[in-house]
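# Provide a 3D model corresponding to the input given below.
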Amino acid sequence: MIDRIGIVKLMPTMRPADMVKQSDLRNKMLRALTAEDFGLLEPYLEPVRLTSAFRIAEPRKTLEHVYFPESGIGSVLAVAATGTATEAGMFGREGFVPTATIIGDNEVPYLIEMHVAGSGYRIPIDHMRKATLQSSTLQIPFIKYMHVFATQVSYTSLANAKFRLEQRLARWILMCHDRLRADVMEITHDYIALLLGVRRPGVTTGLHLLEGLHLIRSTRGAIEVLDREGLEAYAAGSYGIPEEEFERLIGEAS
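Here you go, the predicted model:
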């Protein structure tokens, strides 16, 4: 059973002089909005720190906020009744969660959790829905992202079924690299094993193989990307299509 509990720490309430400027944001969804549509959300955006293991949503619990990460990485995890869990999709500053709120739902059947700490903004669901009623264009970028995320989930399924563990690791490292934009990433072997739904020794062996090919450097608590192009080639088509869809529909992913 997953029993980690994250604590969200809010920053001080913003004063009028501290209003959020769209041009200063790193979240791709908020930046993709028209100035008019962003203006409908901006008064209700609340800055938030997203600690490692913070749970944005839990299965069948009422949702209260929509989150727009500015940094860090989170996962959508499918959870069985026994507590066994595996990652279905990854998100960071390119997206928002929970996506189900855009279609009017108040709960999800899965777990949404941060696994690399970061920060971002959140908005109460009620305010998000009121804003969408005032604009016929506000939902368009969000719906496009829902398609992109569904594409990512489908390629995760493909990778899990048809690709070797080392190739899945290469894909997963690339996806983390996209979102962190840093060559050194503090991620443990244990957590990679949880997210990929495999045993830790398999992760360690796979990372050693990638290290032997001089694609990465692996330590107990971190992974360093040495050759991104080599990782992409090694991933052998399991990586790339969802990322291309994001750029086609929404814009530059990095």
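# For the helix or strand that contains Leu158, could you pull out the residues that count as buried?
Here Leu158, judged by DSSP states H and E, is contained in helix 139-162. Under the neighbour-count criterion of 16 or more other CB atoms under 10 Å, helix 139-162 has 139, 141-142, 144-146, 148-149, 151-153, 155-156, 159-160 buried. Glycine gets a C-beta too; all of them are placed from N, C-alpha and C.
# now swap in stretch 216-235 and tell me
Residues Ile216, Ser218, Ile223, Val225, Gly230, Leu231, Glu232, Tyr234, Ala235 are the ones in stretch 216-235 that count as buried (16+ other CB under 10 Å).
# hang on, the third one packs against Trp172?
I take that to be Ile223. No - using CB atoms under 8 Å, Ile223 is not in contact with Trp172, being 9.8 Å away.
# Could you list the alpha-carbon positions for the helix holding Leu158 in PDB?
What follows is helix 139-162, C-alpha atoms only, in PDB (Å, rounded to 0.1, in the frame of the first residue of the first chain):
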ATOM      1  CA  GLN A 139     -10.900  25.200 -22.600                       C
ATOM      2  CA  ILE A 140      -9.300  24.700 -26.000                       C
ATOM      3  CA  PRO A 141      -5.600  24.500 -24.900                       C
ATOM      4  CA  PHE A 142      -6.700  22.300 -22.000                       C
ATOM      5  CA  ILE A 143      -8.600  19.900 -24.200                       C
ATOM      6  CA  LYS A 144      -5.600  19.700 -26.500                       C
ATOM      7  CA  TYR A 145      -3.400  18.800 -23.600                       C
ATOM      8  CA  MET A 146      -5.800  16.000 -22.600                       C
ATOM      9  CA  HIS A 147      -5.300  14.500 -26.000                       C
ATOM     10  CA  VAL A 148      -1.500  14.800 -25.700                       C
ATOM     11  CA  PHE A 149      -1.600  13.200 -22.300                       C
ATOM     12  CA  ALA A 150      -3.800  10.400 -23.600                       C
ATOM     13  CA  THR A 151      -1.200   9.900 -26.300                       C
ATOM     14  CA  GLN A 152       1.500   9.700 -23.700                       C
ATOM     15  CA  VAL A 153      -0.400   7.100 -21.700                       C
ATOM     16  CA  SER A 154      -0.900   5.000 -24.900                       C
ATOM     17  CA  TYR A 155       2.800   5.000 -25.600                       C
ATOM     18  CA  THR A 156       3.500   4.100 -21.900                       C
ATOM     19  CA  SER A 157       1.300   1.000 -22.500                       C
ATOM     20  CA  LEU A 158       3.200   0.300 -25.700                       C
ATOM     21  CA  ALA A 159       6.600   0.600 -24.000                       C
ATOM     22  CA  ASN A 160       5.500  -1.600 -21.100                       C
ATOM     23  CA  ALA A 161       4.300  -4.300 -23.400                       C
ATOM     24  CA  LYS A 162       6.800  -4.300 -26.300                       C
END
